[in-house]
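Undergrad: next input, structure requested:
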Amino acid sequence: MNTFRFVMRILSALLLTTVAACMGAETGSGNNTQETCAGPLGAPMNISGINALAACCQAEGGKAHCLADDKVPAEIQPFVSSCDGGGYCIPDSFLATGAAQPPKTCTAFGGDGICLSKCIPQVSENAGILKPDVCDNADDLCVPCINPLDGEPTGACDLRTLARCEGEDPTNPVSGGCDDPATCEYEASCPAVIDPEALPSCGADAHCVDAALAGDQAAQLAKCDDGVKVCVPDAFLETGGKFTPITCTSAGGAEGRCLNTVIPQVAAQAGLLPPAICAASEKCTPCFSPIDGSDTGACKLSCDPGPSQPATTFASCCDGRAKCVPASSIPDAQEEQLSEQECEDDAPGALCVPNEIIANGPFPACEADSFILGDYTGVCLSTCLDFGIQGIALAKGNCQSGFKCAPCEQNGQPTGAPGCPP
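TA: Residues are numbered from 1 along each chain as shown. Take a look at the predicted model:
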């Protein structure tokens, strides 16, 4: 995740443009006159000069003004907002010094950072996880020098040496932060990489973040209520993804890992996964699919060295169309719809569960007509299920062989059949 690095490339380029030409104007007293040093944005502007420009960034709650196109270096223009009336929206803190003086230092995520205005679009986009710390300006947030998620420099602290007048001694004391980037596990004594409590909740021990922070995993995560942010377990946020999930014993004695049920793949199987030794917000997710032995990826997250045991699968039942699942992994309310069949011999204490129920689908929609129910719609469910006396009323309808059409509603009430709307 290079969310912060791009911000610094913008400002580093800005300062590199003319830093060599930046020199203090000498006075009779011989004092350092850094305040009059010309920077990439020209000579420093006084308050009245800045206010003479059109204001911008009000929606973000920041202070900035529009600078004419020809006053903003070409390499900077793509990274700052355009003003409606022309020009580019530049933070007042840069206009006041011509961008020749380095921003104030601060502490971000336990390491060094610098204060940058949220009028810079990328800073504003990450405002939910950045804090002002000791920044003086009301619209400044502390941007880390070291990316807390990958341990790589963001480029932020380059401004400490780039923003100076000729003749000044460069200093760039960048620390690596609290956590040792050479290790995989995030140091338990370090502050949270991202404080979940500052973010909107999306489930037990999980909070919403911008999809960019989740990187390539964003597409596999559930969307938050706003339809834009994604729901991420706190364990990932607090450690920047540098942790190893707890090893546990999943259904059928298979090796697994404790994973939060806000993860869609875990939520889809939650009804069949035991809590084991996991937290209340987690389920013990197997390393390998109990249906076909395929790798689920649950035991290869972050610092996890991978499974230590071979794949184990449930015994087959109902002519291979179902699996013998331990009764302890099945909710009590669903047990009455399942039978032991041949599981009694191959897997004592297990019940025969159709493969599509274990995999949470698919459950094709269907239409049927029965003598008892008349015309009705529903979902196709395997005849491996024990429909009991109600099975007499169900017709095959347009389901394929080995399935019956189960209604989603009966007498105006939902039946709770798998695959039906809640």
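
Undergrad: what residues are up against the residue most central in space within the chain?
TA: Per CA atoms, centre = their mean, the C-alpha nearest to the average position across the chain is that of A214, at 3.6 Å. Residues in contact with A214 (CB atoms under 8 Å, 6 or more residues apart in numbering) are L221, V230, V232. (C-beta placed from N, C-alpha, C; glycine too.)

Undergrad: among those residues, which are in strands?
TA: When DSSP state E is applied, those are split such that V230, V232 fall in strands.

Undergrad: can I get the contacts of A214 in CSV with pLDDT, distance to Y376 and neighbour count?
TA: Conversion of these to CSV gives the following (pLDDT from 0 to 100; distance: CB to CB, whole Å; neighbours: other CB atoms under 10 Å):
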residue, pLDDT, distance to Y376, neighbour count
L221, 94, 37, 23
V230, 94, 38, 21
V232, 94, 41, 29
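
Undergrad: how about the secondary structure of the residue nearest to the centre of the chain?
TA: Following DSSP: H, G, I helix; E, B strand; the rest coil, the label given to A214 is helix.

Undergrad: avg pLDDT for stretch 342-362?
TA: Stretch 342-362 shows a mean pLDDT of 87.

Undergrad: relative to the whole chain's centre, how far out is that stretch?
TA: Relative to its chain's centre, stretch 342-362 lies at 34 Å (CA atoms, centre = their mean, to the nearest Å).

Undergrad: start and end of it, how far apart?
TA: End-to-end distance for stretch 342-362: 25 Å, by CA to CA, to the nearest Å.

Undergrad: with stretch 52-67 instead?
TA: Across stretch 52-67, first to last residue, CA to CA, it's 11 Å.

Undergrad: show residues contacting it.
TA: Residues from elsewhere that reach stretch 52-67, judged by CB under 8 Å, 6+ apart: 41, 50-51, 81, 83, 85-93, 95, 117-119, 124, 127, 137-139.

Undergrad: for A204, see how far away the residue nearest to the centre of the chain is.
TA: 19 Å (CB to CB, to the nearest Å).

Undergrad: same question, A100
TA: 50 Å.

Undergrad: the more surrounded of the two?
TA: The neighbour comparison of A100 against A204 (other CB atoms under 10 Å) goes to A100, with 28 against 14.

Undergrad: now that one: which helix or strand?
TA: Counting by DSSP states H and E, no helix or strand carries A100.

Undergrad: hey, what's the residue nearest to it when sequence neighbours are not counted bridged with?
TA: Nearest residue to A100, sequence neighbours excluded (CB to CB, 6 or more residues apart in numbering): G39, at 3.0 Å. Going by DSSP bridges, G39 is paired in beta bridges with G42.

Undergrad: residues in contact with the residue lying closest to D210 once chain neighbours are set aside?
TA: Nearest residue to D210, sequence neighbours excluded (CB to CB, 6+ apart): K229, at 6.0 Å. The contact partners of K229, taken as CB under 8 Å, 6+ apart, are P200, C208, V209, D210, A211, K223.

Undergrad: isn't the fourth one right next to S124, touching?
TA: No: applying CB atoms under 8 Å as the test, D210 and S124 come out as separate, 11.1 Å apart.

Undergrad: between those two, which is the more surrounded one?
TA: The residue with more neighbours, out of D210 and S124, is S124; 20 against 17, by other CB under 10 Å.

Undergrad: wasn't that one part of a helix?
TA: Yes: per three-state DSSP, S124 lies within a helix segment.
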